[in-house]
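In: Turn this into a structure:
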Amino acid sequence: MSELTDKSTSNSKKKETELKEVVRKMLAAGIPITSAEIERQSGLSHSFVYKPEMQKFIKEQKEKQKKDDLRVDVELQNFNLHTKLMASYIFAYSLLDEQEEFYKTAIAELKDRDKPFVINNGSDSVIKFICQILSEETDPSKIDKLLNKFKVCFSESIPDWKEQLLEKLDKCLAKDILEKKYK
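Out: Numbers count the residues shown, from 1 in each chain. Predicted coordinates for the structure are as follows:
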């Protein structure tokens, strides 16, 4: 009788090992763990798969799979968030590139302009803009040309343009030239 019991126990251990191996493979492959799928993949009997010990193991593995699925969802959410952030950075930089190109074009047009501008209000921002351009320039002849263009373009709209420029310009070559030429 003990030989029969030993053989039955050995058979049961083999089946248990086989069931656990099938469940581990299902976990690794991401296949949802169900008793029916375990039966189908392992070829084990319905009664063996539904034994209380086996159902306890299957339940533990299902819970483990749920936790792993949540982890994957968090990783996927982080990846999606990262992708969206990168897309928004790329969009923002492309807008900055467009804006930079617009300003470069506007500055070039301003430098080439020979007609007066009519400014009803906001002369302060024009003065600040011209001060920035003048303070960055280091070539005296270019500074002189810019000052002449500025005089032609804005002298009607901003009658006190010289005083405003002198007041707003920090110590730089343009300020020296302006003081010498227009005082």
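In: show me where pLDDT drops low in the protein?
Out: 1-4, 6, 69-73, 111-124, 154-158, 182-183 (pLDDT under 70).
In: Domains of it: list them as residue ranges, please.
Out: 2-69, 113-182 (automatic domain parsing).
In: Can you add mean neighbour count and distance to residue 100 and give these back as CSV?
Out: C-beta here means a position set from N, CA and C on the backbone, and glycine is covered the same way. Below are those laid out as CSV (neighbours: other CB atoms under 10 Å; distance: least, CB to CB, whole Å):
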stretch, mean neighbour count, distance to residue 100
domain 2-69, 13, 46
domain 113-182, 15, 15
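In: so who does the nearest residue to residue 169 once chain neighbours are set aside touch?
Out: Among residues not flanking residue 169 along the chain, residue 175 sits closest, at 4.2 Å (CB to CB, 6 or more residues apart in numbering). Counting by CB atoms under 8 Å, 6 or more residues apart in numbering, residue 175 touches 134, 166, 169.
In: Cross those against helices and list the overlap.
Out: Cross-referencing the contacts of residue 175 against helices under DSSP state H gives 134, 166.
In: Is residue 164 in contact with residue 127, as I believe?
Out: Yes - the criterion here is CB atoms under 8 Å, and residue 164 meets it with residue 127 at 4.7 Å.
In: ok, residue 100 - how many residues close by?
Out: By the criterion of other CB atoms under 10 Å, residue 100 has 10 neighbours.
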